[in-house]
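Visitor: Sequence first, then the predicted structure:
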Amino acid sequence: MGASGAKGLHMIRETSDRQLQLKDFIHPFGCDLNSENRWVKLAEVVPWDDLAVAYNSVMSATQGRPAKPARLVIGALIIKHKLNLSDEETVLQIQENPYLQFFCGLGAYVDAPPFVPSLFVEIRKRMGAEVFDAFEQAIVDRAVHIQKKRKPTRVSTSGGDGSPPSSCGDGSDQDRPAPVDAVDAQAEDVTHHGKLLMDATVADQMIRFPTDLGLLNEAREISESLIDEL
């Protein structure tokens, strides 16, 4: 138990989720799943393999019973916190929704709970702040990578020979320069990484905290007023 306790009681199984496609998801319904569904779109941008590395860091590769797949557990955590659900409700939502099952990496629809709700308790005990920080950093890095890929190129406002563009043409959008403000706003590189801690308790408040001298002075003033009345 000493050796397994350091890395956990579950044995990891290394798999990659990059090849999971919506068209390969098997379900008993008489229609195709919508590729524009928000969970399908989110599944395309989540860095599953990077998150799995952080998740597997608290698991054992040789000892213990086989653990649930990393994508299933990580996907369930994302669903739970994104929808602000309880442990039990998260499991029910995954059981009832094929899109959520696809998001969690299942290859086919299964009308059964993916795991018992108490697994969330064990996960919270096992995964400390470092693992969640690694999750957050992997998602931030992925978002920055996608933003850089989508960065538009500035549209030239002059002809190939340096002459100004001709006022005549076929009126197509290709001849029209993009708004400069919009291009500059989208072309700005992200230079700050990490997380920002915000707490309402740090806001300025007009609250007087009592001190020893203040209490003594207040007691003196009250005593003097009582003496004057007597």
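Guide: Sure thing, it's come through.
Visitor: What are the boundaries of the strands in this structure?
Guide: Using DSSP state E, the strands of the chain run over residues 10-11, 65-66.
Visitor: Lowest mean pLDDT across those, which one is that?
Guide: The stretch with the lowest mean pLDDT among the strands of the chain is strand 10-11, at a mean of 49.
Visitor: Now the longest helix belonging to the chain: buried residues?
Guide: As assigned by DSSP state H, the longest helix anywhere in the chain is helix 129-149. Residues of helix 129-149 classed as buried: Val131, Ala134, Phe135, Gln137, Ala138, Ile139, Arg142 (neighbour count, 16 or more other Cβ atoms under 10 Å). Where C-beta positions appear, they are placed from N, C-alpha and C, glycine not excepted.
Visitor: which one is the first one nearest to, not counting chain neighbours?
Guide: If I follow you right, that is Val131. Distances taken as Cβ to Cβ, 6 or more residues apart in numbering put Ala54 closest to Val131, at 5.2 Å, once the chain neighbours are dropped.
Visitor: how far away is that neighbour from Glu229?
Guide: 71 Å (Cβ to Cβ, to the nearest Å).
Visitor: and these two? which has more neighbours close in?
Guide: Ala54 (20 against 6; other Cβ atoms under 10 Å).
Visitor: contacting residues for that one?
Guide: Residues near Ala54 by Cβ atoms under 8 Å, 6 or more residues apart in numbering: Val131, Ala134, Phe135, Ala138.
Visitor: you'd agree Val73 is up against Tyr55?
Guide: Yes. Contact between Val73 and Tyr55 holds when scored by Cβ atoms under 8 Å: they sit 6.6 Å apart.
Visitor: where in the protein is pLDDT low?
Guide: For the chain, the stretches with pLDDT under 70 are 1-31, 60-66, 150-190, 192, 195-209.
Visitor: Can you give me the domain boundaries for it?
Guide: Here the domain assignment for the chain is 2-131, 200-229, based on automatic domain parsing.
Visitor: Just tell me which of these ends up closest to His193.
Guide: domain 2-131 (14.7 Å; Cβ to Cβ).
Visitor: rewinding a little: what residues are shared contacts of Val73 and Tyr55?
Guide: Common contact partners of Val73 and Tyr55 (Cβ under 8 Å, 6+ apart): none.
Visitor: Leaving out the residues flanking it, which one is nearest to Val37?
Guide: Not Val; residue 37 is Asn. Spatial nearest neighbour of Asn37, excluding adjacent residues (Cβ to Cβ, 6+ apart): Tyr99 at 5.1 Å.
Visitor: Thought Val40 was touching the one you found, still the case?
Guide: Yes. If you go by Cβ under 8 Å, Tyr99 and Val40 touch, sitting 6.5 Å apart.
Visitor: any chance of the domains of the chain in CSV, plus distance to Lys148?
Guide: As requested, these are arranged in CSV below (distance: least, Cβ to Cβ, whole Å):
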stretch, distance to Lys148
domain 2-131, 13
domain 200-229, 33
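Visitor: Please identify the most buried of those domains.
Guide: Counting by mean count of other Cβ atoms under 10 Å, domain 2-131 has the highest mean neighbour count of the domains of the chain, with a mean of 15.
Visitor: Roughly how far does Trp144 sit from Gly107?
Guide: Just so we're on the same page, residue 144 is Val rather than Trp. From Val144 to Gly107 the distance is 30 Å (Cβ to Cβ).
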